[in-house]
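>>> missing the sequence, but the structure's below:
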Ligand code: AMP
Ligand code: GLY
């Protein structure tokens with residue numbers, strides 16, 4: 001098979017790395033890819049939103065399957081466009097991807113179909129939102145831009161003042177542009193976070209193992225939200241009871257809900273959950289693998305991934321003989337970011353020490369934002385730069401391998417959290 005992966009981050013590096021190991025696969029391309037992906041796939045310089053050129057490439061190269069990594073092209077309808085041209089795609093349609101692209105839609109969906117969620121309220125008008133805050137002065141609230149904001153549009157507000165500021169930043173100063181012209185305000189939930197992902201083919205789900213992301217920028221879960229600073233799999237809070245509950249009450253429920261809403265869901269459905277004393281609650285749905293959760297998850301996924309991707313795209317997951325097998329050992333991933341991220345940062349700095357890291361099946365440096373110069377030098381090219389991922393007997397041992405590798409790597413302004421995997 002010939003497979004094209006769309007995207008150019010750590011998640012896509014992990015996808016290309018995993019797909020390239022499949023005996024069914026003769027060729028992997030990645031559009032646009034990055035400096036690290038070039039080691040496992042051929043990078044083609046086509047942007048993820050350049051639908052016409054992606055389609056032309058698939059036709060010319062007779063691509064058998066397109067795997068879409070990021071949410072932006074999914075929400076713009078890349079799956080629909082390629083499918084209309086007769087190309088097989090792993091990833092939800094535009095309407096189905098709205099489960100991530102519109103937090104307001106996601107909340108309505110949960111309400112209509114009794115999917116356990118925090119209390120929430122949707123606003124587009126500043127005065128109405130401020131009046132609402134006035135009536136909820138003493139509550140801890142979370143203010144979210146409804147549209148896509150690269151993981152940065154969620155503002156956890158400790159008091160009335162910060163909630164007012166968050167609301168004004170979205171609805172008055174336009175901090176998140178059109179994505180923040182509608183907001184969702186939610187009750188703040190306390191508990192342990194868990195990410196549960198499932199492969200979906202419209203009717204059937206194949207749940208993956210659990211993972212836990214670390215979204216805050218600074219150690220001790222302080223600082224602003226980011227795309228993700230690190231992840232571990234399995235998630236400490238995911239006991240068998242919680243997992244069963246999430247599978248039946250959240251994932252299966254959501255798949256049925258999407259059919260009823262006329263938006264059958266194919267691809268990866270990602271539920272970000274807070275496990276509260278009253279049970280798990282959905283914080284968000286994403287329409288794709290998480291980044292960086294994909295890195296530890298795919299490292300632990302022992303089976304060939306490709307038959308699962310094809311069956312999800314074909315609507316035949318129920319025909320597979322068995323579910324995937326998993327490496328029982330835990331995996332961890334630590335993301336190194338550019339100084340300043342998630343706010344403004346500079347790029348173009350040389351990354352040193354990559355050759356000193358000994359990679360093997362249990363340790364891989366997945367590149368997130370890098371480019372490779374013709375002379376082989378690797379430069380930083382994004383906020384999240386690379387994500388070192390390792391698996392070992394214990395989470396601690398996996399993390400020790402990640403941090404030992406990071407000790408050897410350096411670039412100007414490099415920063416990472418030292419407390420990934422700690423509760
Ligand atoms: P989201 O992108 O909606 O998952 O939000 C990003 C992060 O903000 C989550 O991983 C949580 O850490 C935090 N968060 C979001 N919604 C809530 C909530 N209702 N209560 C507490 N924390 C939340
Ligand atoms: N790491 C969280 C996300 O991909 O949305």
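Nice, I can see it. In this text the structure is predicted, and so the values were computed from the model without any measurement. Ligands and ions are numbered 1, 2, ... in the order given.
>>> who does residue 154 bridge with?
Beta-bridge pairing of residue 154 under DSSP bridges involves residue 144.
>>> against residue 176, how distant is it?
10 Å (Cβ to Cβ, to the nearest Å). C-betas here are computed from N, CA, C, even on glycine.
>>> need the residues touching each of those two.
Common neighbours of residue 154 and residue 176 (criterion: Cβ atoms under 8 Å, 6 or more residues apart in numbering): residue 145.
>>> how about the residues of the stretch 251-400 of the chain near ligand 2?
286, 290, 291, 293 (Cβ under 6 Å from any ligand atom).
>>> which one of those residues is nearest ligand 1?
Each of these was checked against ligand 1 using Cβ to the nearest ligand atom; the closest is residue 286, at 8.0 Å.
>>> ok now the lowest-mean-pLDDT helix or strand in the chain, how far from the chain's centre?
Least confident helix or strand of the chain, by mean pLDDT, DSSP states H and E, is strand 222-225 with a mean of 89. For strand 222-225, the separation from the chain centroid amounts to 18 Å (computed by Cα atoms, centre = their mean, to the nearest Å).
>>> list the buried ones in it?
The neighbour-count check on strand 222-225 (16 or more other Cβ atoms under 10 Å) flags 224, 225 as buried.
>>> list the contacts of it.
Contacts of strand 222-225 (Cβ under 8 Å, 6+ apart): 151, 152, 154, 155, 156, 215, 216, 217, 342, 343.
>>> assign the second one to helix, strand or coil.
Spelled out, that is residue 152. coil (DSSP: H, G, I helix; E, B strand; the rest coil).
>>> give me the number of residues near it?
If you count neighbours by other Cβ atoms under 10 Å, residue 152 ends up with 20.
>>> what ranges in the protein fall below the confidence cut-off?
The model of the chain has no residue with pLDDT under 70.
>>> would you map the helices across it?
Here the chain has its helices, by DSSP state H, at 10-20, 51-61, 71-76, 78-84, 94-101, 103-112, 126-134, 160-171, 240-246, 253-260, 294-300, 306-314, 395-408.
>>> and the furthest pair within the contacts of strand 222-225?
Between any two of the contacts of strand 222-225, the greatest separation by Cβ to Cβ is 16.6 Å, found for 156 and 343.
>>> those two: which is more packed in?
Set side by side, residue 156 and residue 343 give different neighbour counts by other Cβ under 10 Å, the larger being at residue 156 (19 against 9).
>>> the closest residue to that one other than its chain neighbours - how many residues pack around it?
Nearest in space to residue 156, with sequence neighbours left out and distances taken as Cβ to Cβ, 6 or more residues apart in numbering, is residue 142 at 5.3 Å. By the measure other Cβ under 10 Å, the count of residues near residue 142 is 19.
>>> does residue 142 touch residue 183 like I think?
No. Taking contacts as Cβ atoms under 8 Å, residue 142 lies outside contact range of residue 183: 10.3 Å.
>>> list phi and psi for whatever residue of the stretch 251-400 of the chain ends up closest to ligand 2.
Taking Cβ to the nearest ligand atom as the measure, the stretch 251-400 of the chain has residue 290 as its residue closest to ligand 2, at 3.5 Å. Main-chain torsions, residue 290, degrees, to the nearest 10: phi -70, psi 150.
>>> mind listing what residue 365 touches?
Residue 365 neighbours (Cβ under 8 Å, 6+ apart): 36, 354, 357, 359, 386, 387, 388, 389, 405, 409.
>>> ligand 1 contacts on the stretch 1-150 of the chain?
118, 142, 144.
>>> again, but for the stretch 251-400 of the chain
272, 274, 283, 284.
>>> could you redo the last one with a cut-off of 8 Å?
Applying Cβ under 8 Å from any ligand atom, we find that the stretch 251-400 of the chain lies next to ligand 1 at 272, 274, 281, 283, 284.
>>> for the fourth one, give me its contacts.
In this structure, residue 283 makes contact with 118, 189, 193, 272, 273, 274, judged by Cβ under 8 Å, 6+ apart.
>>> for those, give me a markdown table that also has distance to residue 72 and neighbour count.
Putting those into a markdown table (distance: Cβ to Cβ, whole Å; neighbours: other Cβ atoms under 10 Å) gives the following:
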| residue | distance to residue 72 | neighbour count |
| --- | --- | --- |
| 118 | 26 | 19 |
| 189 | 27 | 19 |
| 193 | 24 | 20 |
| 272 | 18 | 18 |
| 273 | 23 | 28 |
| 274 | 26 | 20 |
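>>> strands - which of those residues land there?
193, 272, 273, 274 (DSSP state E).
>>> residue 234 reaches residue 208, doesn't it?
No. If you go by Cβ under 8 Å, residue 234 and residue 208 don't touch, sitting 10.2 Å apart.
>>> neighbour count: the two, which is higher?
Taking neighbours as other Cβ under 10 Å, residue 234 and residue 208 compare with residue 208 leading, 25 against 21.
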